[in-house]
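Asks: turn this into a structure:
(2 chains)
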Amino acid sequence: MRNNQPARKPRPAQTRPPAKRRNGCLIWGLLGCVGALCLGVALTGGGWYAWDSGMITLDDVLSLAGMGPADIEVDNFRDEAIQINILQLDVAAEATPYQLSLQINSLDIQTSRVPQAGRYQVSFGTTSGGAELGACTLTLKSGDFYQFVPTPQLIVVNNVNDPVSIGSDLVVSTSALCR
Amino acid sequence: MKRKHFVFLIFAALLLLTGCIPSIVVQNNTNIPVRVVVFARGQNSVVSPSPGYSSYVEAGEGPYSVAVIPDAQWRTYAQTKRDYLNEQLANSDQLTGEQLLKVIQSLKEIAAQIQAYQTAAAQTGGACSGTITQDGGGTVTITVGADGALIASCK
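Replies: Numbering: from 1, shown residues only, chains lettered A, B, ... in the order given. This next block holds a predicted model:
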């Protein structure tokens, strides 16, 4: 008679797993689809209203894709009118480069919106097409805002959204922003 | 379609839109020089149409506001600002960090000063506002009121 064998643990009663409630998954799936559809309709309707009312413009949409415009402000603090010329560089062979010419009276300020990111030459002169006061080759990104302040002695350049950290970069003739 | 052709089409569309950007005409119907601030697309412009003449400001669709600012005050402010910039940037490569920050702040203050003039003009009738739609730009007319104050009218 053997009394030193360890007692065996009784086997747990085997039970079948609960039946899957397939109807519940179907309901949740339908609810999810309906919810997504409602969200899509709401976003589309809201977006259309915003577009139609002018809250969202084409520039805003292009900016989201990194293809939006950039702004160039010129504060003419000289004692005479100046001419500025903005010319797009690095244009595809078949394309026409963007070009804008402006006359800005003494102590006037003009802001121009360049439609697309890229490289542009901004020239400052006293006659149309002239650049005897200075020139700056800018690399513009979507949303950039550059401020130029021509004075009798120099032309200040300021990247308003990302100011420089070196003094010489504030003057067009020595600025790394203008190369 | 080749990629370069696609890029060309996109850019041509952008150029077309650019060419159609409306402008705001500021007409000076007085016999004195005036200085007018136009706020549109989040940016300021300052123009000075001669008596009987007009100046143009590039603007896009949306709201704009205009204010007539005192020419003498603006001249004094602008000339003082440029003297400061010339002095500080005469040796720009020797600017200390603190001096550089002051110069940058000084450049930002130009917009703040313009905003102050606009606020003051709104209280004296020398301001107006309008909206540019797809149908065209805006027209601003500067006249002199019975009391001699400059009045801005927007259409």
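Asks: got a list of what the residue lying closest to residue A:178 once chain neighbours are set aside touches?
Replies: Using CB to CB, 6 or more residues apart in numbering or on different chains and skipping the chain neighbours, the partner closest in space to residue A:178 is residue A:136 (3.7 Å). In short, each C-beta sits where N, CA and C put it, glycine included. By CB atoms under 8 Å, 6 or more residues apart in numbering or on different chains, the contact list for residue A:136 reads A:121, A:122, A:148, A:155, A:157, A:172, A:175, A:177, A:178.
Asks: can you redo these as JSON lines with distance to residue B:150 and pLDDT?
Replies: Below are the contacts of residue A:136 laid out as JSON lines (distance: CB to CB, whole Å; pLDDT from 0 to 100):
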{"residue": "A:121", "distance to residue B:150": "38", "pLDDT": "96"}
{"residue": "A:122", "distance to residue B:150": "33", "pLDDT": "97"}
{"residue": "A:148", "distance to residue B:150": "29", "pLDDT": "98"}
{"residue": "A:155", "distance to residue B:150": "32", "pLDDT": "97"}
{"residue": "A:157", "distance to residue B:150": "34", "pLDDT": "97"}
{"residue": "A:172", "distance to residue B:150": "35", "pLDDT": "97"}
{"residue": "A:175", "distance to residue B:150": "39", "pLDDT": "96"}
{"residue": "A:177", "distance to residue B:150": "38", "pLDDT": "95"}
{"residue": "A:178", "distance to residue B:150": "39", "pLDDT": "95"}
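Asks: list the contacts of residue 82.
Replies: No chain was given, so I picked chain A. Per CB under 8 Å, 6+ apart, neighbours of residue A:82: A:74, A:76, A:103, A:104, A:124, A:125, A:126, A:133, A:150.
Asks: chain B, not that one
Replies: Taking CB under 8 Å, 6+ apart, we find residue B:82 in contact with A:77, A:78, A:149, A:151, A:152.
Asks: chain center to the host helix or strand of it: distance?
Replies: Using DSSP states H and E, residue B:82 sits in helix B:71-89. Distance of helix B:71-89 from the chain centroid (CA atoms, centre = their mean, to the nearest Å) equals 17 Å.
Asks: which positions within it qualify as buried?
Replies: B:71, B:74, B:77, B:78, B:81, B:82, B:85, B:88, B:89 (16 or more other CB atoms under 10 Å in any protein chain shown).
Asks: nearest to residue B:108, of those residues?
Replies: Nearest to residue B:108 among the buried residues of helix B:71-89: residue B:81, at 11.5 Å, using CB to CB.
Asks: my guess is the closest one contacts residue A:77. True?
Replies: Yes: using CB atoms under 8 Å, residue B:81 is in contact with residue A:77, at 6.6 Å.
Asks: narrow the contacts of residue B:82 to those that are buried.
Replies: In terms of neighbour count (16+ other CB under 10 Å), the buried residues within the contacts of residue B:82 are A:77, A:78, A:149, A:151.
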